[in-house]
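In: sequence unknown, structure follows:
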């Protein structure tokens, strides 16, 4: 049987190749890089980036964008910390409240985008200011969370996997199921492909769009919760510029920013690529943090040009076939 | 426009001394002057942003370009013997090139503007940090610090620069056919191409102009604090500039644009911040108030709400 590649799978394949090459190069260059610990750390250190990127994938698949995710991480983390510390509420309840707030916030933005026909870019930008501002209103300082539950979660591990990494992998599985095996996922792809057609097909466009932003709000507030696990504290300025890394991970993962084409799994690899670059810089020691930004910028450029090339080729083939 | 007037009226009524202009040491002082002076970087960037948005695009990299401008200027001033004019020329050249790079990606490779400029937004700040070695480079140069702190005819020099750039932009777009071309490209790219307009060239120019404006803004910021801070120069300024343009009545989808509107929009944002500060509202509320004001202005401009209100009024 001849293996045929769908056009939409080429960027995903390219992402995988880049990831494997980066990982192999690093493993050959540095001792101890090719170890279980490094890989688990990769998952743990990038859990909150990964969670926001998963939510972002759905938004971008539908042809929208969500700039508020980084601010949501800061807002949620400080909300959980404030509720758990200053108001002495049990962390589990505080986390539940924060997640509900995240969903409500996302759904609110989705509703404004859908029913007032405003550009997602603008609405989520205002949402970003609002979430960041609310976070600062709660507390300008970092609040440490000292509760036995946080100690338990911090110590918990299953086959070396810490709780945050497991949460990330769990969310990934749920997201893959949502995107590819549910009516919701199919509607997301349909809206991203061509919204008027989705509407004419009788798909629940309005409801789905609100749900997409609610889902992204949920993912980013879950990321904020993971941040509190990771640092045992809350900080209103946590996740600054995280939205850019999340968008970069989604794009590098092969999702088209125009919507309709892409895979949640690609985003996972995109997040790992960003993580590997960071890890390499740590192993190298002498390289400075700004190289991360430059390399991510170059990778973004390369992947976007690859996507353009594929689109142009597909266009050319379909024209010549006629 | 009404929003700025409302804000000014609010201040006239409730903030004593907001409108008092004082003449001290041959300079004008007062909250109003302060607003314009502090708004200078946003004003400059929103001028360039207006033209980019009018072509149906958006430029996210302006903050990063500002950081690059500060770093290049600081490096040249501290490490080389170049004259001040030469430094400005080279810096602005760099920024124009950075803008043209964005334009190249958008116009020739036909990449979505948000993505194309995202690349420079991420990488640009990295480049600026690479140039400065991650340090804040302080600049002790009389002429350079005059740019952001000096006075001309009693007014801050920055105000003069903003007016100058505004006049240049207005002349370019309203005295020549350029403005018409930009609006036409933003309205309908295909139709413009059939009408014989060189669409890529128009876009390229708009992005390059935006890069230049960001460069001037970056120089002013660096000169104001007498240092190049690659980490924080122009951080989040792209958002303020985009808001200024949108509040000013230019549609994000492109087409019709108003340079005056964008100026007013930028002033509203800065006047809002200054009002919050002079009213004694805690600083942490600034962002919340800003978000609410911006969201309400956007809602007021939205077609859906207008239809809703009209239906209410009719029925």
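Out: Arrived safely. Note that the structure is a prediction, hence the values are computed from the model and not measured. Numbers count the residues shown, from 1 in each chain, chains lettered A, B, ... in the order given.
In: which residues touch residue 65?
Out: Just going to use chain A. Residue A:65 makes contact with A:59, A:120, A:121, A:124, A:247, A:257, B:114, according to C-beta atoms under 8 Å, 6 or more residues apart in numbering or on different chains. For every residue, glycine as well, the C-beta is placed using N, CA and C.
In: switch to chain B, please.
Out: B:95, B:98, B:99, B:120, B:124, B:211, B:214, B:215, B:218, B:234.
In: neighbours of residue B:186, just the number please.
Out: Residue B:186 is flanked by 26 other residues according to other C-beta atoms under 10 Å in any protein chain shown.
In: which residues are in contact with it?
Out: B:53, B:54, B:55, B:56, B:253, B:254, B:255, B:256, B:257.
In: among these, name the buried ones.
Out: Buried members of the contacts of residue B:186, counted by 16 or more other C-beta atoms under 10 Å in any protein chain shown: B:53, B:54, B:55, B:56, B:254, B:255, B:257.
In: turn those residues into a markdown table, columns for pLDDT and secondary structure.
Out: Below are these laid out as a markdown table (pLDDT from 0 to 100; DSSP: H, G, I helix; E, B strand; the rest coil):
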| residue | pLDDT | secondary structure |
| --- | --- | --- |
| B:53 | 92 | helix |
| B:54 | 92 | helix |
| B:55 | 92 | coil |
| B:56 | 88 | coil |
| B:254 | 81 | coil |
| B:255 | 82 | coil |
| B:257 | 87 | coil |
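In: and the contacts of residue A:65, which is closest to residue B:262?
Out: Taking C-beta to C-beta as the measure, residue B:262 lies nearest residue A:121 of the contacts of residue A:65, at 17.1 Å.
In: the chain: helices as residue ranges?
Out: Chain wasn't specified; assuming chain A. In order along the chain, chain A carries the following helices (DSSP state H): A:9-29, A:36-45, A:47-61, A:69-85, A:91-115, A:120-138, A:148-155, A:163-181, A:183-193, A:195-200, A:205-231, A:242-252, A:264-284, A:290-321.
In: that was the other one, I meant chain B.
Out: In chain B, the segments counted as helices under DSSP H are B:2-14, B:31-54, B:62-79, B:84-107, B:113-132, B:142-149, B:157-174, B:178-187, B:189-194, B:199-224, B:237-247, B:259-278, B:286-301, B:303-314.
In: from residue B:46, how far out is the spatially closest residue to residue B:250 that is not a sequence neighbour?
Out: By the measure of C-beta to C-beta, 6 or more residues apart in numbering or on different chains, the closest residue to residue B:250 outside its immediate chain neighbours is residue B:257, 4.4 Å from it. Taking C-beta to C-beta, to the nearest Å as the measure, residue B:257 falls 11 Å from residue B:46.
In: find residues that contact each of the two.
Out: Taking C-beta under 8 Å, 6+ apart as the contact definition, residue B:257 and residue B:46 share the neighbouring residues residue B:245.
In: who in the stretch 201-315 of chain B is up against chain A?
Out: Proximity of the stretch 201-315 of chain B to chain A, by C-beta under 8 Å from any C-beta of the partner chain, involves residues B:239, B:242-243, B:246, B:252-253, B:284-292, B:294-295, B:298-299, B:302-305.
In: close to chain B: what parts of the stretch 201-322 of chain A are there?
Out: In this structure, the stretch 201-322 of chain A approaches chain B at residues A:244, A:247-248, A:251, A:257-258, A:288-294, A:296-298, A:300-301, A:304-305, A:308, judged by C-beta under 8 Å from any C-beta.
In: what's near enough to touch residue A:111?
Out: Per C-beta under 8 Å, 6+ apart, neighbours of residue A:111: residue A:210.
In: what residue ranges in the chain score low on pLDDT?
Out: You didn't say which chain, so I picked chain A. A:1-8, A:154-155, A:157, A:159, A:286-287, A:318, A:321-322 (pLDDT under 70).
In: could you do chain B instead?
Out: Residues of chain B meeting the criterion pLDDT under 70: B:1-31, B:153-154, B:283, B:314-315.
In: show me the contacts for the residue most central in space within chain B.
Out: In chain B, the centroid-proximal residue (C-alpha atoms, centre = their mean) is residue B:45; its distance is 1.9 Å. By C-beta under 8 Å, 6+ apart, residue B:45 lies in contact with B:62, B:66, B:210, B:213, B:214, B:217, B:234, B:237, B:238, B:240, B:241.
In: ok, 7 Å please
Out: For residue B:45, the contacting residues are B:62, B:213, B:214, B:217, B:237, B:241, taking C-beta atoms under 7 Å, 6 or more residues apart in numbering or on different chains as the criterion.
In: do residue A:85 as well
Out: Taking C-beta under 7 Å, 6+ apart as the definition, contacts of residue A:85 comprise A:143, A:145.
In: fine by me, thanks again.
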